[in-house]
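> structure, please.
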Amino acid sequence: MKKIRPKVQKYMTPSPRSIGYDRPLSQAIAVMSELRIRHLPVLKDGKLVGILSDRDVKLVASFEDIDPEKILVEEACTFDPYCVSSESDLNEAVNYMAKKKYGCAVVVDSGKLVGILTEVDVYKAFTDFLDNKL
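I've put the predicted structure just below:
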């Protein structure tokens, strides 16, 4: 009997909050803090160009004389983030995230941001696995 493997869509966080590449870093910090999230997709003209992580923010903030009001998101984000489609095999996406030590995968369908698969989402999938739901 062939096992049905879940797709990324089943566990991703749909319609994640994003931020423009030209916004001040302080705005991104406020959004991340308010929503209690660690990853924020970065868009330029509606297209995904990067990901801003809490690690990126902490690194930039560690430099002396850095004003988050004057630094733009594009100066702190990571360009070309790991992307998958919502129909990607969850196992393959998670395996790649683990191999590369990525905290998330950005979910893009037909060039449009549709979700984000984070470590927390993976924990939920693992819980289902342990409960024999997968």
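> in the protein, where is pLDDT below threshold?
1-2, 133-134 (pLDDT under 70).
> that one: helices as residue ranges?
Using DSSP state H, the helices found in the chain span residues 25-35, 54-61, 90-100, 119-130.
> now do the last one: which elements does it pack against?
Looking back up the chat, that one is helix 119-130. Here helix 119-130 touches helix 90-100, going by 3 or more Cβ pairs under 8 Å, 6 or more residues apart in numbering; DSSP states H and E. Every residue, glycine included, has its C-beta placed from N, CA and C.
> contacting residues around the helix it packs on?
Helix 90-100 is touched from outside by 5-8, 10-11, 82, 84, 102-105, 117, 119, 122, 125, with contacts defined as Cβ atoms under 8 Å, 6 or more residues apart in numbering.
> rerun at 10 Å
Applying Cβ atoms under 10 Å, 6 or more residues apart in numbering, the external contacts of helix 90-100 come out as 5-12, 82-85, 88-89, 102-105, 107, 117-119, 121-122, 125-126, 134.
> what comes up buried for it?
Across helix 90-100, burial judged by 16 or more other Cβ atoms under 10 Å covers 90, 93-94, 97.
> now do stretch 112-119
113-118.
> what of stretch 64-83?
Per 16+ other Cβ under 10 Å, stretch 64-83 contains these buried residues: 68, 71-74, 76-77, 81-83.
> list the contacts of the closest residue to residue 61 other than its chain neighbours.
Leaving aside its chain neighbours, residue 61 sits nearest to residue 68 (7.1 Å; criterion: Cβ to Cβ, 6 or more residues apart in numbering). By Cβ under 10 Å, 6+ apart, the contact set of residue 68 is 24-30, 57, 60-61, 76.
> for residue 68, give me phi and psi.
Torsion angles at residue 68 (phi, psi; degrees, to the nearest 10) stand at phi -60, psi -20.
> sorry, back to before: pick out whichever of the contacts of residue 68 sits closest to residue 17.
Closest to residue 17 out of the contacts of residue 68 is residue 28 (10.0 Å), distances taken as Cβ to Cβ.
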